[in-house]
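# predicted model and sequence follow; I will ask about them next.
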Amino acid sequence: MPLRDHFRPPLDLQTSWEGFHGQWPAVIVHQLRQQLPAGYVAEPRVHSGSRVEIDIAASEHDDALALSRQTEGNGGVATAVWAPAQPSLAVETTLADFDEYEVRIFDARRGRHLVAAIEIVSPANKDRPEHRNVFLAKCVALLQKGVAVSIVDLVTIRHFNLYADLLAGIGHADPTLGEPLPALYAASCRWTRKGERTILEAWSHVLTVGGPLPTLPLWLSADLVVPLNLEESYEQACHDLWIA
């Protein structure tokens, strides 16, 4: 069955992409239950980010309270305190709480040791440089710890390729992607050792609306791999949500 565009009419007028992104990880977990060897478990992690706004009035009250406490004692004489120089940067900003739509696979026999992660990209992961950097830093940190990382990007309204950015960050490129870089893709990556060398291996696929989804290798250890059938789980998630 074909890949749909969940971010444009007519589909986005009937169902939300958030609903699909929330359902797909659960379906992938159900699929993996039939495939993972004994001792391995999978679980979904879905978190829709929100922005945190600071209460300025409360902050000013806390600052005043702290100052009053500094002047208490010794008959009300202020205690000498060290004052830093003016900050070199002071900008108005907010702390972002980022989207996470993922599946994590653990080796339960090793105290729930994380072995693989499936990251489903959301629009917020691609919409601005700082969000893309956070997503890439997360993937790099997982790979450095020996966790196999799969990235699946169906976002048609943001034309950035996070998989290509991940490779560029370590000085490499995937020639199979072509030019211009595709906005839709699926890739599975792992860092592995071969003798004295450390090798990054990747299996990538360009996705197109109307085309099928691939099966990715899901690495559980250096020599243990199971198939991640994206087409099967995608169609099941669409069926569950009445997406035609």
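Received, thanks.
# can you list the low-confidence ranges for the chain?
By pLDDT under 70, the weakly predicted segments of the chain are 1, 49-80, 93-97.
# what about the helices in it?
17-33, 56-70, 123-126, 129-144, 162-169, 230-240 (DSSP state H).
# got the CA positions of the third one in PDB?
What follows is helix 123-126 as a C-alpha-only set of coordinates in PDB (Å, rounded to 0.1, in the frame of the first residue of the first chain):
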ATOM      1  CA  PRO A 123       7.800  18.600  12.000                       C
ATOM      2  CA  ALA A 124       9.100  20.200  15.200                       C
ATOM      3  CA  ASN A 125      12.300  18.100  14.900                       C
ATOM      4  CA  LYS A 126      13.000  19.800  11.600                       C
END
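# need the helices of the chain in CSV (columns: distance to residue 44 and mean neighbour count).
Any C-beta I mention is one placed from the backbone N, CA and C, and that applies to glycine too. Below are those laid out as CSV (distance: least, C-beta to C-beta, whole Å; neighbours: other C-beta atoms under 10 Å):
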stretch, distance to residue 44, mean neighbour count
helix 17-33, 4, 19
helix 56-70, 35, 10
helix 123-126, 17, 20
helix 129-144, 16, 16
helix 162-169, 20, 19
helix 230-240, 11, 18
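# looking at those, which is nearest to residue 87?
helix 56-70 (15.1 Å; C-beta to C-beta).
# going along the chain, name the strands of the protein.
Taking DSSP state E, the strands of the chain run over residues 40-47, 51-52, 95-96, 100-107, 113-120, 148-153, 185-194, 197-206, 215-221, 224-229.
# export these to JSON lines and tack on mean neighbour count and distance to residue 240?
Output for the strands of the chain, formatted as JSON lines (neighbours: other C-beta atoms under 10 Å; distance: least, C-beta to C-beta, whole Å):
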{"stretch": "strand 40-47", "mean neighbour count": "16", "distance to residue 240": "14"}
{"stretch": "strand 51-52", "mean neighbour count": "8", "distance to residue 240": "30"}
{"stretch": "strand 95-96", "mean neighbour count": "12", "distance to residue 240": "30"}
{"stretch": "strand 100-107", "mean neighbour count": "22", "distance to residue 240": "16"}
{"stretch": "strand 113-120", "mean neighbour count": "22", "distance to residue 240": "16"}
{"stretch": "strand 148-153", "mean neighbour count": "25", "distance to residue 240": "18"}
{"stretch": "strand 185-194", "mean neighbour count": "20", "distance to residue 240": "20"}
{"stretch": "strand 197-206", "mean neighbour count": "14", "distance to residue 240": "24"}
{"stretch": "strand 215-221", "mean neighbour count": "20", "distance to residue 240": "20"}
{"stretch": "strand 224-229", "mean neighbour count": "17", "distance to residue 240": "16"}
